[in-house]
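Engineer: I would like the atomic coordinates for the input below:
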Amino acid sequence: MAGQTYVIPLREMEEAERPRERLLRFGPDALKNYELLAIILNTGYRRESVLDLAQRIVQEYGSKAIAEERSVERLMSILGLPPVKACQVVATFELGRRLYLEEPGRVPALRTPEEVHRYVKEMEGLAKEEFRGLYLNARNKVIHDEIISIGTLTANLVHPREVFRPAFEYGCAAIIVVHNHPSGDPAPSEEDISLTRQLVQVSRIMGIEVLDHVIIGKGSFVSLKEIGKL
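Structural biologist: Residues are numbered from 1 along each chain as shown. Purely as a prediction, here's the structure:
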């Protein structure tokens, strides 16, 4: 029927192209992130094949951000996932994160805008504006990474309480906030500068320093601290 999209089930794909068979044959290095996620999800949802579903999750959320997401409810709301799928995603990355953090020296330290940019580089390709909080200990090591909000193509609404709540929950010493401009131009808007100053004012009351606000563009970034707007 015209206008309808035919979804190819995994079982109808050539066997050599299926993620599970490729994993068995070539090992995990041969698979992309969304293909590994598709193996975990196992089935699609609402006329979406499991590969399409996994690819959408990674593209809309970003690889690093989805790996840090702990809220099942937020995945259900933002990505339209059913409870079982959202639980699979959160549980998978939580397990990986715990095992990763058990290894000494694996927690990244963020001391410069360049290090922040490298840490969140995948945000350059996001289609929607995403606002993230990077929560640091006294040695500037990341102890929590959380998406505060995901906006439209042109706007993102953030309230200070949503930024500082995880800071108390995880006992952090400082915060770096980051967001992307889908237009590709990292130049801060008046709204960006106003929000930054508001967060700094609140940080003085809370006793948790906002170290920087880094805006990510296409292949470039701007540190509001470096340009004197913090």
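
Engineer: so which elements touch the lengthiest helix in the chain?
Structural biologist: Secondary structure assigned by DSSP state H gives helix 83-101 as the longest helix of the chain. When contacts are defined as 3 or more CB pairs under 8 Å, 6 or more residues apart in numbering; DSSP states H and E, helix 83-101 packs onto helix 33-41, helix 63-68, helix 72-79. Every residue, glycine included, has its C-beta placed from N, CA and C.

Engineer: give me the contact list for the last one.
Structural biologist: By CB atoms under 8 Å, 6 or more residues apart in numbering, the residues outside helix 72-79 that reach it are 56-57, 60-61, 69, 81-83, 86-87, 89-90, 147, 150.

Engineer: equivalent analysis for stretch 114-123, please.
Structural biologist: For stretch 114-123, contacts defined as CB under 8 Å, 6+ apart pick out 62-65, 108-110, 130, 132, 134, 142, 176, 178-180, 212, 214, 216, 221, 223.

Engineer: what's the weakest-modelled helix or strand in the protein?
Structural biologist: None of the helices or strands of the chain scores lower by mean pLDDT, DSSP states H and E than helix 63-68, at a mean of 80.

Engineer: show me the contacts for the residue positioned nearest the centre of the chain.
Structural biologist: The chain has residue 65 as the residue nearest its centroid, 1.7 Å off, counting by CA atoms, centre = their mean. Residues in contact with residue 65 (CB under 8 Å, 6+ apart) are 122-123, 130, 132, 145, 147.

Engineer: now with 10 Å, please.
Structural biologist: Residue 65 sits next to 58, 120, 122-123, 126, 130, 132, 145-147, 150 when contact means CB atoms under 10 Å, 6 or more residues apart in numbering.

Engineer: also residue 37?
Structural biologist: Applying CB under 10 Å, 6+ apart, the residues near residue 37 are 19, 31, 50-51, 53-55, 57-58, 63, 66, 88-89, 92-93.

Engineer: quick one: least confident of those residues?
Structural biologist: Checking pLDDT across the contacts of residue 37, the minimum falls on residue 63 at 79.

Engineer: now it: how far from residue 46?
Structural biologist: Applying CB to CB, to the nearest Å, the value for residue 63 to residue 46 is 23 Å.

Engineer: I'd like the distance between residue 133 and residue 161.
Structural biologist: Taking CB to CB, one finds residue 133 at 12 Å from residue 161.

Engineer: nice, that's everything, thank you.
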